[in-house]
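Asks: Structure for this input, please:
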Amino acid sequence: MKNIMATVKGRMAVLLFLVVFVLFGISVVLSSFELQRNGDMWLYRDSASRMLSGQPPRADFASAYPLLATLYFILPALVTGNVLGYALVFASLQLCVFLASVYLVYACAKKLRIARDSAVIKYAIASLLLANLIVGRYDLLPATVTLAGAYFFLKERYGVGFALIAVGVWLKYYSIFLLPILLIAYLEKRTPRKLAADMVPAVFAAFLCVALGALVPYGGNIAESLAFHAVRLPNVESVYSAVLLMINIVFPLGVRTEYLWHSTTIRFPFENEVSIGSFFVMAAVMLLVYAAAYRSRRNLSGTTLIGFCALAVLAFILTSKVFSPQYLLWVSPFICLLGLKPERLNKQIFAAFALACGFSLVIYPYTYSLLNDLDPLAVVVVALRDFVLVGVFVFLVVWVWRAKS
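Replies: Residues are numbered from 1 along each chain as shown. Now for the predicted structure:
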């Protein structure tokens, strides 16, 4: 037993067992807690019940969750109609998805020729800090599918990679922001003529997602989702809100909170200007990332490709008007697979990311009610999380722009 524990596989197996054990324990506690406070789990179950009875879900649900997500929410409802039972089945499905994500992190690390045990350990640490979100939020599934798409790109199986990214988009729209990065990498190695052939699986996957989604009364579309996000105001956890709320502590701006669009939103005198301006900020930052990727196109493979995937996801999260804590699940595997040189940079970036995950753990679920009341301590914690992630993003942009690799 001691010899096995001394091996990499032994250490990983024990660590993974502990992670799963902790996640399951948390799932049992949070399942009833989540439903009692009418959280996202309640929204999943309510929407599943409506669709199984032939009714479309609430309008805000269809605007926030793509077509394929509805099928996943229905699965626990097919097993049990009990409220607590739904939460436990959902948590069990999430644990299965988590195991798949661990395997993908290991497989990606092997393909990238970086330390596999280090990558898995980093992912396990991040997962422990985000455990309540893994079992209580849906976002781990699109994150895992998107990581699978990146993995097949690393293996140069582009057709499968494009198909998985297409599925990821129908699970959560953020995956589409990785597409320009992947296309730049693809066109550096393949001719545009081959692109059509390699995109066929993606088109088929998208068609299949639509066909499967037609089985349930979804009642939403991409246009409605875009319109929904165009008019909504920044939620209380966004970077825009963090800046405004920190200023509000020193110089009162008349900021208050209001529960809108299934989210705690901040209201302030020039809210419409900030809401409109956020789209220009997002466009500028995303273009900066894509320009850096194009500049590094000759080296856009391996760990460089993973680094730009992390940049693209971070750019979207940090410039979006909504920054829910579960969004960290989207970027977590890419952060754990970074291969910057020297090696200490990877450790420093992960340490900063783990700190941000720790702040998120403090925010949700422990101080979220205080945040809704704009308690100064809760506001500072949110701001620290957002500013740490902004620092990680800026560092990565500067590094890739200087190194071009």
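
Asks: Contact partners for the residue minimising distance to the centre of the chain?
Replies: For the chain, the residue lying nearest the average C-alpha position, counting by C-alpha atoms, centre = their mean, turns out to be W330 (2.3 Å). W330 makes contacts with 139, 142-143, 146, 172, 174, 313, 317, as judged by C-beta atoms under 8 Å, 6 or more residues apart in numbering. In this view, the C-beta of every residue, glycine as well, is placed from N, C-alpha and C.

Asks: try 7 Å
Replies: 139, 143, 174, 313 (C-beta atoms under 7 Å, 6 or more residues apart in numbering).

Asks: What ranges does the protein have for its strands?
Replies: Per DSSP state E, the chain carries strands over the ranges 256-260, 263-267.

Asks: picking that back up, pull the most distant pair out of the contacts of W330.
Replies: Put simply, by C-beta to C-beta the two of these set farthest apart are D139 and V313, 11.6 Å from each other.

Asks: So between these two, which is more surrounded?
Replies: V313 (27 against 23; other C-beta atoms under 10 Å).

Asks: Look at the closest residue to the more buried one other than its chain neighbours and say how many residues are nearby.
Replies: Closest residue in space to V313, ignoring its immediate chain neighbours: V331 at 4.5 Å, by C-beta to C-beta, 6 or more residues apart in numbering. By other C-beta under 10 Å, 25 other residues sit near V331.

Asks: was I right about V331 contacting C309?
Replies: No: applying C-beta atoms under 7 Å, one finds V331 not in contact with C309, separated by 8.6 Å.

Asks: one step back: so which of the contacts of W330 comes closest to V388?
Replies: V313 (15.8 Å).

Asks: Among the contacts of W330, which are located in helices?
Replies: 143, 313 (DSSP state H).

Asks: Among the contacts of W330, which one sits closest to A69?
Replies: When those are ranked by distance to A69 (C-beta to C-beta), D139 comes first, at 9.9 Å.

Asks: ok now do that closest one, which residues does it touch?
Replies: 172, 326-327, 329-330.

Asks: Show me which of the residues you listed is closest to L212.
Replies: K172 (16.0 Å).

Asks: mind listing what that closest one touches?
Replies: Contacts of K172 by C-beta under 7 Å, 6+ apart are 66, 139, 142.

Asks: can you give me phi and psi for it?
Replies: phi -160, psi 130 (degrees, to the nearest 10).

Asks: For the stretch 201-350 of the chain, which segments count as helices?
Replies: 222-231, 239-250, 271-295, 302-319, 328-336, 343-361 (DSSP state H, counting those that start in this stretch).

Asks: Please identify which of the ones you listed is closest to A163.
Replies: helix 302-319 (16.9 Å).

Asks: Give me the mean pLDDT for that closest one.
Replies: Mean pLDDT, computed over helix 302-319, is 94.

Asks: Provide the contact partners of that helix at residue level.
Replies: Contacts for helix 302-319 (C-beta under 7 Å, 6+ apart): 112, 114, 150, 153-154, 174, 177-178, 181, 185, 239, 278, 281-282, 285-286, 289, 293, 296, 300, 323, 327, 330-331, 334-335, 337-339, 389-390, 392-393, 396-397, 400, 405.

Asks: Serialize the contacts of D139 to TSV and add fields for pLDDT and distance to L99.
Replies: Shown next, in TSV, are the contacts of D139 (pLDDT from 0 to 100; distance: C-beta to C-beta, whole Å):
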residue	pLDDT	distance to L99
K172	89	20
Q326	91	18
Y327	94	21
L329	96	15
W330	96	18
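
Asks: Specify which member of those is nearest to W42.
Replies: Of all the contacts of D139, W42 sits closest to Q326, with 15.1 Å by C-beta to C-beta.

Asks: ok, that closest one - contacts?
Replies: Neighbours of Q326 in contact, by C-beta under 7 Å, 6+ apart: 133, 137, 139.

Asks: just to revisit the earlier point, what separation do you get for the residue nearest to the centre of the chain and Y174?
Replies: 6 Å (C-beta to C-beta, to the nearest Å).

Asks: Ok, I249 next?
Replies: 31 Å.

Asks: how about the strands of the chain in a markdown table, adding distance to W42 and mean pLDDT?
Replies: Below are these laid out as a markdown table (distance: least, C-beta to C-beta, whole Å; pLDDT from 0 to 100):
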| stretch | distance to W42 | mean pLDDT |
| --- | --- | --- |
| strand 256-260 | 14 | 79 |
| strand 263-267 | 14 | 81 |
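
Asks: Need the winner for burial among those strands.
Replies: Neighbour counts (mean count of other C-beta atoms under 10 Å) averaged over each of those peak at strand 263-267, with a mean of 19.

Asks: list the helices and strands it packs on?
Replies: Counting contacts by 3 or more C-beta pairs under 7 Å, 6 or more residues apart in numbering; DSSP states H and E, strand 263-267 is packed against strand 256-260.

Asks: Using CSV, list the CA coordinates for the strand it packs on.
Replies: Taking Å, rounded to 0.1, in the frame of the first residue of the first chain, the C-alpha atoms of strand 256-260 are listed here in CSV:
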residue,chain,number,x,y,z
ARG,A,256,-29.0,50.3,-4.5
THR,A,257,-29.9,46.7,-5.3
GLU,A,258,-33.0,45.3,-6.9
TYR,A,259,-33.9,41.7,-7.8
LEU,A,260,-34.3,41.7,-11.6
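
Asks: Show me the contact partners of that strand.
Replies: Contacts for strand 256-260 (C-beta under 7 Å, 6+ apart): 236, 264-267, 372, 374.

Asks: what angle do that strand and helix 239-250 make?
Replies: Calculated by axes from the mean of the first three to the mean of the last three C-alpha atoms, to 10 degrees, strand 256-260 forms an angle of 150 degrees with helix 239-250.
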